[in-house]
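Q: Have a look; sequence and predicted model below, questions after that.
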Amino acid sequence: MSIPVVDFSVYNLSKREATDEQLQTPSKEMKNAFSQFGFVFLKNSGISQEEVERVMDISEKFFLQPEELKKPFSRKSFPNNPNHGWVSLETERLNPSQPGDLKEAFNTASFHPDIKWPSSEAVRGFEEIHTTFFQRCKELSLRVLRVIAQSLALDPDVFLDAHRFIGTDENGTTLRSLYYPPVKSEMAKEGQLRCGEHSDYGSITLLFQGSKGLQVCTLSGEFISVPSIPGAVLVNIADLMQRWTSDQFVSVRHRVLLPPVGDSSTRQSLAYFVQPDDEALITCCDGSDKYPPVTGGDYLMQRFSESYGKS
Ligand SMILES: O=C(O)CCC(=O)C(=O)O
Ligand SMILES: [Fe+2]
């Protein structure tokens, strides 16, 4: 059993438009993948491996700096957007019942002029590289949202209309650069992982992996290891999209285990968490009212408080 790979060439980022007819094959294949696995690999999306590596390289330079150079950019130190910034090792628990995750992260969540970006010589280009990649991921996400609306025979704008403010402080969409430092697995705490078992919160997530390590739970309840396919982007359904589609698309649990004992490699990945606008009201798109309506902003706040504790 493995995650399906879908060719997105007909609507890749260098194409201006695609007709409904051209989108038929990818949309059918994506519908199957999102109903059965919650995950799909998109190849030929238009985002190249070189673009991904540019972000990973500059991020690695940031993470390898001493703690005191990273602290000024900490998450929660930016009043206009509390999610923007650096997350230190073991701070976050994506599985709230287990010890903190063995990862560091940098969240690009705001472009407000008051945001202070890392700008030392060691990380020259950090802001431009993250900003450019955020915009590329935004473009691809909007295309995916259009195709999946079509796949469910809905108005093609139904999801797009709730994602009008990506890249502003009225929308929580976040580019997260993840760095998993070397770990001595035998020293880890009981139950501690690189990334605890969780499902994502928003509408969809784009994931670019530097190497393998991700595991995804199948509908039959077993975890399977996911390959890293250079040049392909892994797209998954997140919890709000599952609600929105009245469970037709599934948001499945996934995790990153510790490396085997003796493996001292690092791991990097880039996750682009697409969120509906804070004010967008999410109601089941089949009119079933299976779940009560909730706004994008309220739902996200509730989920953050679970991963970081109530402090
Ligand atoms: O690093 C990965 O491959 C997965 C990360 C992830 O699932 C997340 O941060 O939500
Ligand atoms: Fe995730």
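A: Noted; the coordinates are in hand. Ligands and ions are numbered 1, 2, ... in the order given.
Q: first vs last residue of stretch 15-30, how far apart are they?
A: In stretch 15-30, first residue to last residue: 19 Å (C-alpha to C-alpha, to the nearest Å).
Q: Kindly indicate whether residue 178 is helix, strand or coil.
A: Using DSSP: H, G, I helix; E, B strand; the rest coil, the structure places residue 178 in strand.
Q: Give me the neighbour count for it.
A: Residues lying near residue 178 (other C-beta atoms under 10 Å) number 25. Every residue, glycine included, has its C-beta placed from N, CA and C.
Q: For it, give its distance to ligand 1.
A: Noted for residue 178: a distance of 5 Å to ligand 1, by C-beta to the nearest ligand atom, to the nearest Å.
Q: need the contact list for that residue.
A: 103-105, 195, 267-271 (C-beta atoms under 8 Å, 6 or more residues apart in numbering).
Q: tell me the pLDDT at the residue of the stretch 201-311 of the chain found nearest ligand 1?
A: Closest to ligand 1 within the stretch 201-311 of the chain is residue 269: 3.5 Å, counting by C-beta to the nearest ligand atom. Looking at residue 269, its pLDDT stands at 98.
Q: Just send the contacts of residue 178 back as a markdown table, with secondary structure and neighbour count too.
A: Listed next are the contacts of residue 178 as a markdown table, based on DSSP: H, G, I helix; E, B strand; the rest coil; neighbours: other C-beta atoms under 10 Å:
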| residue | secondary structure | neighbour count |
| --- | --- | --- |
| 103 | coil | 27 |
| 104 | strand | 21 |
| 105 | strand | 24 |
| 195 | strand | 24 |
| 267 | strand | 22 |
| 268 | strand | 22 |
| 269 | strand | 25 |
| 270 | strand | 23 |
| 271 | strand | 21 |
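Q: Next, see if stretch 294-303 gets close to ligand 1.
A: No - using C-beta under 6 Å from any ligand atom, stretch 294-303 never reaches ligand 1; the gap is at least 11.4 Å.
Q: and that stretch, which residues are buried?
A: Within stretch 294-303, the residues that count as buried by 16 or more other C-beta atoms under 10 Å are 294-297, 299-300, 303.
Q: Most widely separated two among those residues?
A: Largest separation among those by C-beta to C-beta: 295 and 303, giving 12.9 Å.
Q: Pull the number of nearby residues for the residue lying closest to residue 96 once chain neighbours are set aside.
A: Closest residue to residue 96 apart from its sequence neighbours, by C-beta to C-beta, 6 or more residues apart in numbering: residue 306 at 5.3 Å. For residue 306, the neighbour count with other C-beta under 10 Å is 14.
Q: And the residue of the stretch 201-311 of the chain closest to ligand 1, how far from residue 305?
A: 24 Å (C-beta to C-beta, to the nearest Å).
Q: how close does the closest residue to residue 145 other than its chain neighbours get to ligand 1?
A: The shortest distance from residue 145 to any non-neighbouring residue, by C-beta to C-beta, 6+ apart, is to residue 159 (4.1 Å). Distance of residue 159 to ligand 1, computed by C-beta to the nearest ligand atom: 20 Å.
Q: re earlier: surely the residue nearest to residue 96 is in contact with residue 94?
A: No - the criterion here is C-beta atoms under 8 Å, and residue 306 misses it with residue 94 at 9.4 Å.
Q: what does the model give residue 80 for pLDDT?
A: 87.
Q: Just name the shakiest helix or strand of the chain by mean pLDDT.
A: Within the chain, no helix or strand scores below helix 296-308, which has a mean of 84 by mean pLDDT, DSSP states H and E.
Q: Could I get the contacting residues of residue 117?
A: By C-beta under 8 Å, 6+ apart, residue 117 lies in contact with 73, 126-127.
Q: swap that for residue 273, sorry
A: 172-174, 176, 200-202, 205, 238.
Q: ok, now residue 131?
A: Residue 131 makes contact with 108, 111 under the criterion C-beta under 8 Å, 6+ apart.
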